[in-house]
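J.: Sequence first, predicted coordinates after that:
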Amino acid sequence: MKGQNPAHSNLGNFLGDRTPTFSPDQLAAVALRYNKEYRRESFELPAEMEAMPIFREWASGALSSRIASPFWELVKPKKHQRCLDLGCGVSFLIYPWSEWDAVFYGQDISSVARDLLNSRGSQLNSKLFKGVKLAAAHELNYEELQFDLVIATGFSCYYPLNYWQLVLQEVKKALKPDGFFLFDVINPEAEMAENWAILETYLGAEVFLEPLSDWQKMLKATGAQIAKTVPGELFQMYKVKL
């Protein structure tokens, strides 16, 4: 390692600072990083990175379950509710949607995740599974007021705060008046936060470590109301009314 943390901390443009401008290159980098993982392709990392405990835990598959955000602890999907999972990955194959009997709509920038879910989701439960679109979180092509819940976990850290202002604007259009937006952000004070950010950067997706206070300022500036938060080992979950 060169002794520099490749993760960034930037204030939102609502603070009048020089927040990084969102670039399509960021989407492409994140998509490539996850397409490689879903295809089980190898990543070329320096030996000192592979020697870190967090890499070994990631390589074994144990890390993902450890840091995943159980969004249903904030709001459990109810029977017949329409739920949009942004950055869904393969969540329909993992989480108990059949038990909830909630209708699942997915969206992801990983073509591999999209193809996998679209090929298997309807076989698992054609009644609940409504397909996965290949699109970014700010590109919501749905009817207004369509969803009871919109979920976005595990990927907020890859984009600057001004990008999430765009996402919030689009999610608000898609949510019903009594609906909630459930998402998570990295707590930069978490013990593993810096090492996880370094690992992700070497895997190809640069991470922004934003103070939780800046997320809260951004939410307030966009008119969002925080109904509840749940801290985790790496990510902190938010239940938000838009």
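T.: Looks like it came in fine.

J.: What separation do you get for C83 and A193?
T.: 28 Å (C-beta to C-beta, to the nearest Å). For every residue, glycine as well, the C-beta is placed using N, CA and C.

J.: tell me the phi and psi of Q169?
T.: Here is the backbone geometry of Q169 (degrees, to the nearest 10): phi -60, psi -40.

J.: list the contacts for it?
T.: By C-beta atoms under 8 Å, 6 or more residues apart in numbering, the contact list for Q169 reads T222.

J.: can you tell me how far it sits from D101?
T.: 30 Å.

J.: Tell me, how many residues neighbour A29?
T.: 16 (other C-beta atoms under 10 Å).

J.: This protein: strands as residue ranges?
T.: Along the chain, counting by DSSP state E, strands occupy 82-86, 103-108, 129-134, 147-152, 175-186, 225-231, 235-241.

J.: Now tabulate those strands in a markdown table and tack on mean neighbour count, distance to Y158 and mean pLDDT.
T.: Listed next are the strands of the chain as a markdown table, based on neighbours: other C-beta atoms under 10 Å; distance: least, C-beta to C-beta, whole Å; pLDDT from 0 to 100:
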| stretch | mean neighbour count | distance to Y158 | mean pLDDT |
| --- | --- | --- | --- |
| strand 82-86 | 25 | 13 | 98 |
| strand 103-108 | 24 | 13 | 98 |
| strand 129-134 | 19 | 17 | 98 |
| strand 147-152 | 25 | 12 | 98 |
| strand 175-186 | 21 | 10 | 97 |
| strand 225-231 | 13 | 21 | 96 |
| strand 235-241 | 20 | 13 | 97 |
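
J.: between these, which gets nearest to R39?
T.: Nearest to R39, of all the strands of the chain, is strand 103-108, at 14.3 Å by C-beta to C-beta.

J.: now the angle from the closest one to strand 82-86?
T.: 20 degrees (axes from the mean of the first three to the mean of the last three C-alpha atoms, to 10 degrees).
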